[in-house]
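Visitor: need the 3D shape of this:
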Amino acid sequence: MLTIRKTDARFRDWSELLGLLQRSYAFMDERIDPPSSLHSFDAVNLEEKSKDEILYLAHDSAKLVGCIFGKVNQSSLYVGKLAVDPDYQGQGIGRVLMRELENQARSMELSEMTLEVRIELTENQKAFAAMGFEISKEGSHDGYAKVTFLEMKKQLGA
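Guide: Modelled structure (predicted):
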């Protein structure tokens with residue numbers, strides 16, 4: 001049975017969360033340039049990240065199967081590190097996590113959600129578009145002259 005909950009100070013299994021993120025993002029390793037920032041994370045970094053951001057977790061019984069981070073930025077909520085365990089992908093868990101985060105943003109009276117998606121990951125771009133996000137601009141990582149990511153936004157009007 002799938003359960004989604006917002007984390008609180010009682011959550012302690014940062015190594016398990018790191019493993020979920022690493023498994024979920026592994027498919028990108030040979031496809032994106034520059035490499036994912038996830039490679040610089042450890043359990044301590046995740047715990048620190050959660051102090052400044054909203055974190056929802058998805059569990060199937062006791063197994064951690066998904067997560068999503070959100071960071072408030074003025075009137076916007078930035079979506080970062082959405083992940084679903086590869087064995088659970090295609091079951092709508094990412095959509096449920098995104099909906100929970102969107103509900104949180106609405107309750108905080110934020111006007112939009114934003115995210116960044118790598119230019120190479122067209123399947124992710126399509127998935128976010130199906131959730132109501134639209135491309136708002138192109139961007140490049142430091143040291144790159146070419147476009148390496150797209151910013152996507154979703155308006156949260158009344």
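
Visitor: for the biggest strand by length in the chain, name the packing helices and strands.
Guide: For the chain, the strand reaching the highest residue count under DSSP state E is reported as strand 63-73. With contacts defined as 3 or more Cβ pairs under 8 Å, 6 or more residues apart in numbering; DSSP states H and E, strand 63-73 has these neighbours: helix 14-25, helix 43-52, strand 54-60, strand 76-84, helix 93-107. C-beta coordinates here come from the backbone N, C-alpha and C atoms, glycine included.

Visitor: let's go with 7 Å and repeat that
Guide: helix 14-25, strand 54-60, strand 76-84, helix 93-107 (3 or more Cβ pairs under 7 Å, 6 or more residues apart in numbering; DSSP states H and E).

Visitor: which other helices and strands does the first one contact?
Guide: When contacts are defined as 3+ Cβ pairs under 7 Å, 6+ apart, helix 14-25 sits against helix 43-52, strand 63-73, strand 76-84.

Visitor: deepest of those, which one?
Guide: strand 76-84 (a mean of 21; mean count of other Cβ atoms under 10 Å).

Visitor: list of residues touching it?
Guide: 20-21, 24-25, 65-71, 93-94, 97-98, 101, 105, 110-115 (Cβ atoms under 7 Å, 6 or more residues apart in numbering).

Visitor: so how far is stretch 11-20 from its chain's centroid?
Guide: 15 Å (Cα atoms, centre = their mean, to the nearest Å).

Visitor: quick one: mean pLDDT over that stretch.
Guide: Averaged across stretch 11-20, pLDDT comes to 94.

Visitor: just the CA atoms of that stretch, as CSV, please.
Guide: The C-alpha coordinates for stretch 11-20 follow below in CSV (Å, rounded to 0.1, in the frame of the first residue of the first chain):
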residue,chain,number,x,y,z
PHE,A,11,13.3,10.9,9.8
ARG,A,12,16.7,9.4,10.1
ASP,A,13,17.4,7.0,7.2
TRP,A,14,19.4,9.4,5.0
SER,A,15,21.5,6.5,3.6
GLU,A,16,18.4,4.8,2.4
LEU,A,17,17.2,8.0,0.7
LEU,A,18,20.6,8.5,-0.9
GLY,A,19,20.5,4.9,-2.2
LEU,A,20,17.0,5.5,-3.7
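
Visitor: understood, closing this out.
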